[in-house]
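*Asks:* predicted model and sequence below, questions to follow.
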Amino acid sequence: MTPKLPPHNWPTIEPGWVWLCGAGPGDPGLLTLHALNALGQADVVVYDALVQEAILDWAPQAEHIYAGKRGGKPSPQQRDISLRLIELARAGKRVLRLKGGDPFVFGRGGEEAQTLIQHEIPVRIIPGISAGIGGLAYAGIPVTHRDVNQSVTFVTGHDQSGNTPSSLDWAAIAKGSQVIVIYMGMKHIGQISAALIAAGRPMSEPVAVVTTATTAEQQVLETTLGSIEADITNAKLEPPAIICVGRAVLMRQVLDWQSQAAGAPPRNLDPLGRDDGTAASA
């Protein structure tokens with residue numbers, strides 16, 4: 001049963017439309033109200049691998065079609081997914097394309113939307129909370145902090161071929177961004193960390209790996225750039241994962257709010273070593 005929405009002039013999915021919607025990083029509570037509205041109207045929900053089953057429960061009236069793509073596993077081709085969306089829309093269905101995170105952040109949403117419009121299928125885009133922001137926040141890691149960074153770079157750890165993106169200038173990224181957030185990077189983390197170290201990032205730089213972010217299965221590994229590959233192996237971590245490189249990771253020592261909610265004290269109230277007595281009022 002779809003939760004009841006508050007009064008508002010909610011948009012209606014018309015027959016033959018496709019709404020491309022971000023489902024957020026995992027926790028169903030991070031879904032937007034527009035997404036919830038869409039779930040209650042859709043005839044068909046075409047969903048990705050990272051969409052939680054609990055979210056699909058909010059569309060009991062709809063047909064659920066799995067279209068998940070996972071690295072290293074048999075997956076539908078992107079072209080086939082797009083053609084299926086076109087077919088459903090042309091059949092007069094109210095189609096909800098539900099994608100983990102945000103559809104336009106490493107989610108192929110731009111490709112799908114372009115293909116739909118090229119085939120004269122009307123679309124609506126519903127943003128979602130990206131795992132590179134929301135997933136890190138659940139781990140107690142702010143992607144920006146004024147004492148750490150004035151820039152953050154989001155990169156993907158693999159390209160269409162499944163290899164480390166050859167188009168990325170890792171040296172420029174290493175030198176130009178204080179905090180780096182890597183999506184889908186576990187498979188090639190050895191190459192990525194080596195490239196960052198070769199470009200001048202210290203081996204001791206803090207790194208966090210957050211797997212299955214915002215869900216009950218979330219795990220967080222705090223390590224360093226020089227040790228990350230071995231530590232991921234030793235911890236037996238599995239994707240999906242978000243990797244954060246930079247001093248912002250240190251803030252987890254004070255902002256691990258989930259552990260604190262369970263009764264653990266903060267490990268360090270001033271992990272950046274900046275408290276000169278004015279930090280609270282600055």
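*Replies:* Arrived safely, thanks for sending.
*Asks:* dig out what the residue nearest to Ala42 when sequence neighbours are not counted forms beta bridges with.
*Replies:* Once flanking residues are discounted, Ala42 sits nearest to Leu96: 3.8 Å by C-beta to C-beta, 6 or more residues apart in numbering. All C-beta atoms are positioned from the backbone trio N, CA, C, and that covers glycine. For Leu96, the beta-bridge partners under DSSP bridges are Trp19, Val45.
*Asks:* so Leu96 touches Gly40, yeah?
*Replies:* No - taking contacts as C-beta atoms under 8 Å, Leu96 lies outside contact range of Gly40: 9.9 Å.
*Asks:* any idea how far the residue nearest to Ala42 lies from Ser82?
*Replies:* Distance from Leu96 to Ser82, counting by C-beta to C-beta, to the nearest Å: 15 Å.
*Asks:* between these two, which is the more surrounded one?
*Replies:* Leu96 (27 against 23; other C-beta atoms under 10 Å).
*Asks:* show me the contacts for the more buried one.
*Replies:* Neighbouring residues of Leu96 by C-beta atoms under 8 Å, 6 or more residues apart in numbering: 13, 18-19, 21, 38-39, 41-42, 44-46, 59, 62.
*Asks:* 7 Å instead?
*Replies:* 19, 21, 38-39, 42, 44-45 (C-beta atoms under 7 Å, 6 or more residues apart in numbering).
*Asks:* show me where the stretch 101-250 of the chain dips below the pLDDT cut-off.
*Replies:* 159-165 (pLDDT under 70).
*Asks:* what about the helices in it?
*Replies:* Taking DSSP state H, counting those that start in this stretch as the test, the helices found in the stretch 101-250 of the chain are 109-118, 131-138, 170-176, 189-198, 228-235.
*Asks:* from these, which stretch is densest packed?
*Replies:* helix 131-138 (a mean of 24; mean count of other C-beta atoms under 10 Å).
*Asks:* residue boundaries of the strands in the stretch 1-150 of the chain?
*Replies:* 18-22, 44-47, 63-66, 95-99, 123-126 (DSSP state E, counting those that start in this stretch).
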